[in-house]
Structure formats: structure tokens, C-alpha cells
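Student: For reference, the sequence and a predicted model appear below.
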Amino acid sequence: MASRTPEEIRASIERNRHELGTSLVLLRDEVGQLTDWRSQVKRNEKNLQVAAAAAGFVLAGGIGGTLNVLFGRKKKRRK
């Protein structure tokens, strides 16, 4: 391995320090974009509305509950 001068080592350290600083700024911006839930909701608003409607349907009893409401079947009482 070729021996490097102290100046070359210092220059390499400064380059690495600058690259690390740039990488950290880019990473901070990317994390900010990924964790911005408001913009994620805006981008996926239609899908979220469909999912909420489906979840509400299932929680309300789904098809069985719908048929019960439409046809008014009553449960048989046990004696």
C-alpha cells in the first residue's frame, strides 16, 4: 500500500466530512417526506375513503347485517 502524506490524509478526511454532511441533509429531507402523514393522506385520499367504507360495512355486520335490515328476519325465541 502506498504511503500517503499527512496533507493527503487531511484532504481525504475533509472530503469524507463534506460528503457525510451532504448525505445527512438528504436523509433528513427524505425522512421528513416519508413521515409527513398529511401529504400521504392527501395523495391516497380516495383509497382511504374506500377502505374506511369497507371497514365500516364489515364492522356494522356486513352482508348478514344488510340482509337482516332489508328482510327483517327475527330470531326465534327459545322456550
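Tutor: Noted; the coordinates are in hand. Note that the structure is predicted; figures quoted are calculated from it, not measured.
Student: I'd like to know how far residue 25 sits from residue 36.
Tutor: Counting by C-beta to C-beta, to the nearest Å, the gap between residue 25 and residue 36 amounts to 17 Å. Where you see a C-beta, it was placed from the backbone N, CA and C, and this is true even at glycine.
Student: Run the chain-centre distance for the host helix or strand of residue 28.
Tutor: Residue 28 belongs to helix 6-34 when assigned by DSSP states H and E. Centroid displacement of helix 6-34 relative to its chain, using C-alpha atoms, centre = their mean, to the nearest Å, is 27 Å.
Student: what packs against it?
Tutor: Packed against helix 6-34 by the contact rule (3 or more C-beta pairs under 8 Å, 6 or more residues apart in numbering; DSSP states H and E) you find no helix or strand.
Student: what comes up buried for that helix?
Tutor: Applying a neighbour-count criterion of 16 or more other C-beta atoms under 10 Å, helix 6-34 contains no buried positions.
Student: burial measure for residue 40, as a count.
Tutor: Burial measure for residue 40: 13 neighbouring residues, criterion other C-beta atoms under 10 Å.
Student: Just the local confidence number for it, please.
Tutor: Note on residue 40: pLDDT of 89.
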